[in-house]
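Visitor: show me how the following folds:
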Amino acid sequence: MDPSGGCPHAANARLLSRGAVTAVILPGGVEGMAVLGHDALKEFLAHPEVAKDAQHFAALQAGEIADGWPLKTFATVQGMTTADGADHRRLRSLMSKAFTARRVEELRPRVEALTASLLDGLDRAAAAGDGVADLRAHFALPLPMGVICELLGVDAEHHDRLHHLSNRIVATDIAPAEAMAANREMVEVLGAVAAARTENPGDDLISALIAAREADGDRLGPHELIGTLMLTIIAGHETTLNLITNAVRALCAHRDQLDLVRSGGASWEDVVEETLRWDSPVSYFPFRYPTRDLTLDGTVIPKGTPVLAGYSAAGRDRKAHGPDADRFDITRDSGTRHLSLGHGAHYCMGAPLARMEGTAALAQLFARFPDLDLAVPEAELPRHASFVGNSVRALPVRLRG
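Guide: Here you go, the predicted structure:
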């Protein structure tokens, strides 16, 4: 795997041509595998003999993974994404009330208002920049970061720092010392936030998590609380940030599809779903581990192997999405639903919120700036330095023709 990231789709096509499951070399020479084909990935994500708990990561348990390994946080952080069975159900139940469809709808007016306010700021930034502004920095980032932090109860003073640290944690080209420092600081910041909420509880998710007890008296331990907050903040803004960014890029490159939405021939929901399939916000997500030698699509994945879920590859798998899977088409009806928000017990809890934020953002953005277009050629946009996140680091746009 290329730790510097870049556009995954050409590499994905080469890998898929060899099969739905392939061996990969992770940073530091760690041997792993990736599941790329849609059908194989769907089976793998819901397989009863595939675990998320790092106790099943053979090389880690053997002491072969060094501190500062750039992907170690994905394996060792305590929270829903690294828990199985009863532990996973307990942690998920503590979070679930914040992400119900009803709660998301209650958030819609706040999302709409924040979107409008951020578009004012984007307009001001463009006016100061000769008509050009970075849509990612001024709009696609602060919208989901503002929403998830408001939901959690994280004060605005922490937003920029938390985004920077999130970016460091998902980077795959980061040096060991930097990786360890980013994790330490993230724990420190979230620990301070949790301490403040313990002292002064509010009507927010962190306060609710601290106070929550289930019927058997179980509650979130301190490490689980910090791990859950870290995962919620990273997943709650990085993915939606990439979704909005990638959707704008796709529509600018496919003006016919944008015209189709404006004419009523398709919806903003259609744009979001096709973007999730065609240019998944997450390219490869670490990790899952077979609890026994597992044969998947004719390939054996040895017990204890760290496996990447190849969402961006599965989204363009021709066997699932047809011979034109590489084409961005918001009217697509291949009969196969994308897997970009996961599948099975670990399906993304924030999916309704991400979809709502994405549709609200795109609808208001293009209503206000119908002639918006990229200010530089797509090929010149700087890519994420990660094979986990899939997007660009900046999106300079010209708001008016």
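Visitor: restricting to C-alpha, output the lowest-mean-pLDDT helix or strand in the chain in CSV.
Guide: Every helix and strand in the chain was compared by mean pLDDT, DSSP states H and E; the lowest is helix 205-211, with a mean of 84. Taking C-alpha atoms only, helix 205-211 is exported to CSV below (Å, rounded to 0.1, in the frame of the first residue of the first chain):
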residue,chain,number,x,y,z
LEU,A,205,-23.8,13.4,24.1
ILE,A,206,-20.6,13.5,26.2
SER,A,207,-22.6,14.4,29.3
ALA,A,208,-25.1,11.6,28.5
LEU,A,209,-22.3,9.1,28.0
ILE,A,210,-20.7,10.0,31.3
ALA,A,211,-24.0,9.6,33.1
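Visitor: buried residues, the helix or strand just after that helix. List them.
Guide: Next along the chain after helix 205-211, taking DSSP states H and E as the criterion, comes helix 222-253. For helix 222-253, the neighbour count (16 or more other CB atoms under 10 Å) marks 224-251 as buried. For the C-beta atoms, the positions are set from N, CA and C on the backbone; glycine is no exception.
Visitor: let me see the mean pLDDT of helix 222-253.
Guide: For helix 222-253, the mean per-residue pLDDT is 91.
Visitor: could you shift the numbering so residue one becomes 7, and keep it that way?
Guide: Okay, using 7 as the starting number, the last item reads as helix 228-259.
Visitor: from the chain's centre, how far out does that helix sit?
Guide: Relative to the centre of its chain, helix 228-259 is centred 4 Å away, using CA atoms, centre = their mean, to the nearest Å.
Visitor: next SSE downstream of that helix?
Guide: Using DSSP H and E, the helix or strand that follows helix 228-259 in sequence is helix 261-268.
Visitor: am I right that Met39 sits in a strand?
Guide: Yes - counting by DSSP: H, G, I helix; E, B strand; the rest coil, Met39 is located in a strand.
Visitor: hang on, it packs against Leu314?
Guide: Yes - if you go by CB atoms under 8 Å, Met39 and Leu314 touch, sitting 7.3 Å apart.
Visitor: and Phe291, that's in a helix?
Guide: No - Phe291 is assigned strand when assessed by three-state DSSP, not a helix.
Visitor: next up, the contacts around it.
Guide: 80, 314-315, 317, 394 (CB atoms under 8 Å, 6 or more residues apart in numbering).
Visitor: can you turn the buried part of these into a PyMOL selection?
Guide: The PyMOL selection below is limited to those of those classed as buried (16+ other CB under 10 Å):
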select buried, resi 80+314+315+317+394
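Visitor: can you name the two of the contacts of Phe291 that sit furthest apart?
Guide: Comparing every pair within these by CB to CB identifies Phe80 and Tyr317 as the most remote, at 14.3 Å.
Visitor: neighbours around the closest residue to Asp73 other than its chain neighbours, how many?
Guide: Once flanking residues are discounted, Asp73 sits nearest to Met186: 6.3 Å by CB to CB, 6 or more residues apart in numbering. By other CB atoms under 10 Å, the residues close to Met186 number 16.
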